[in-house]
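Participant: Coordinates for the following, if possible.
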Amino acid sequence: MNTSALYEACRTGDIHTVQQLLSTLSIYEINHVEPNGSTCLHAAASSNHSQIVKLLLDSGVIRSILDKDGHTAMDVAATEEIKKLFPRSFAAAQARFLTDISSEQTFEWTCHENARYGWWFKCCIENEDVIVAVDRIIEDTRFSDTASTHKIEYLLENARETRDPKWLIQAYSSEIGLYQVINKAFAQTASNIGFDSTNDFRALAGVFSRHDVLKQYRYVGKCYRGMKLSIDDFQKNYKVGEILLIKPFMSTSKLRHIAEQFATSSSTVDSQFLSVLFIFAIPEFTLQFRDNVALDISCISEYPHEEEVLILPYTSLVIQAINHLPLGLIEVEFGWYSFLRDSKSSKTSLYEQPSLM
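Facilitator: Numbering: from 1, shown residues only. Here you go, the predicted structure:
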């Protein structure tokens, strides 16, 4: 059973040959599954060649590829030292699971006006075609200067060829500059004026919300996200009973301690900012919805240990409780806001639409 020169160099620890080959091979060749059902990253990790593992990870190798036995390279790593090379850096993980923004920026990420109409904005997103979502990303010039363009292209091309939305989730979860650009675009879209359903990355949101393949990943339960909020923003906008609209994708974790450590150890050192832990309770009745509202992407992500739950755009939430803990952390507990249930209780017309002026 013949394996490639790169695979053999990774297996035997020939770092010089690995360096030479990485400079000439495409990302497709680097991620190639060998006839023995393994990859170069599996070979280096299982053979305890830490420097080669670092080189491969820096070159854009995909962490989540499985070998013939269904194991990732991290699963077969020979030592704990090797396993520690696979997670995101603390700074990168903090950027993903902590929102650290000024009061002006906060309004971009959450909206109070028309907050109860998340359902309406979701209804305006009709796409569930993977290829359309891929094309919208490829056509966007904001990705042309991304350092990991080759990895973006690899993941998107696989999504196009297979029409499998899980490749899009891998692209979103990777450290390739994709999720930062996408979420900034969502945050900057207005939710109180005309809504253009073809603009920006709503095609991607449509796939994540509607594609049948992703329904098996629907999540019910609690998840957490760290926040840094200005005192002014918190006092004005965070009250029990307040309804908020979350405009972008929101990465949360099933593990409280992950979000909590980011909330309490932010690089922002300012007496005008508060350490806040958002607690989201996703109820079982959301499983009855046509659209997905939160996806457990831990088994698809390149970083499964983060236990990530992805809350999808234009989600309406209601604040159910605010708790001030002894060490200064503030808990804000959110429940899922259901316009239909609220309308039945208040006899509001189900055909009422948000103000567009």
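Participant: as a whole number, average confidence for stretch 258-274?
Facilitator: The pLDDT scores in stretch 258-274 average 74.
Participant: before we move on, what about stretch 40-53?
Facilitator: Rounded mean pLDDT across stretch 40-53 is 98.
Participant: Can you point out the buried residues in it?
Facilitator: 40-47, 49-50, 52-53 (16 or more other Cβ atoms under 10 Å). Where you see a C-beta, it was placed from the backbone N, CA and C, and this is true even at glycine.
Participant: ends of that stretch, how far apart?
Facilitator: 9 Å (Cα to Cα, to the nearest Å).
Participant: Break this structure down into its structural domains.
Facilitator: According to the TED database, the chain comprises the domains 5-84, 90-336.
Participant: Lowest average pLDDT across the ones you listed?
Facilitator: domain 90-336 has the lowest average pLDDT among the domains of the chain, namely a mean of 82.
Participant: following the helix or strand containing residue 227, which helix or strand comes up?
Facilitator: If you go by DSSP states H and E, residue 227 is part of strand 221-230. Heading C-terminal from strand 221-230, the first helix or strand you meet, by DSSP H and E, is helix 231-237.
Participant: those helices in the stretch 1-150 of the chain, which residues are they?
Facilitator: For the stretch 1-150 of the chain, the helices defined by DSSP state H, counting those that start in this stretch cover 5-12, 15-22, 27-30, 40-46, 50-58, 80-83, 90-97, 103-109, 118-123, 130-139, 149-162.
Participant: now the strand holding residue 227, how far from the centre of its chain.
Facilitator: 14 Å (Cα atoms, centre = their mean, to the nearest Å).
Participant: Give me the angle between that strand and helix 90-97.
Facilitator: Interaxial angle of strand 221-230 relative to helix 90-97 (axes from the mean of the first three to the mean of the last three Cα atoms, to 10 degrees): 100 degrees.
Participant: buried ones in strand 221-230?
Facilitator: Buried, per 16+ other Cβ under 10 Å, within strand 221-230: 223-230.
Participant: So which of the helices of the stretch 1-150 of the chain is nearest residue 243?
Facilitator: helix 118-123 (9.1 Å; Cβ to Cβ).
Participant: Looks like residue 280 contacts residue 220 (just checking).
Facilitator: No - using Cβ atoms under 8 Å, residue 280 makes no contact with residue 220, being 11.1 Å away.
Participant: Identify the contacts common to these two.
Facilitator: Residues touching both residue 280 and residue 220 by Cβ atoms under 8 Å, 6 or more residues apart in numbering: none at all.
Participant: of the two, who's got more company?
Facilitator: The residue with more neighbours, out of residue 280 and residue 220, is residue 280; 23 against 14, by other Cβ atoms under 10 Å.
Participant: Mind checking what secondary structure that one has?
Facilitator: strand (DSSP: H, G, I helix; E, B strand; the rest coil).
Participant: do the same with the one 10 residues further on
Facilitator: Classification of residue 290 by three-state DSSP places it in coil.
Participant: Give me the spatial nearest neighbour of it, chain neighbours excluded.
Facilitator: residue 210 (7.6 Å; Cβ to Cβ, 6 or more residues apart in numbering).
Participant: residues in contact with that neighbour?
Facilitator: Contacts of residue 210 (Cβ under 8 Å, 6+ apart): 125, 127-128, 290-292.
Participant: If anything else comes up later, I'll come back, but that's it for now.
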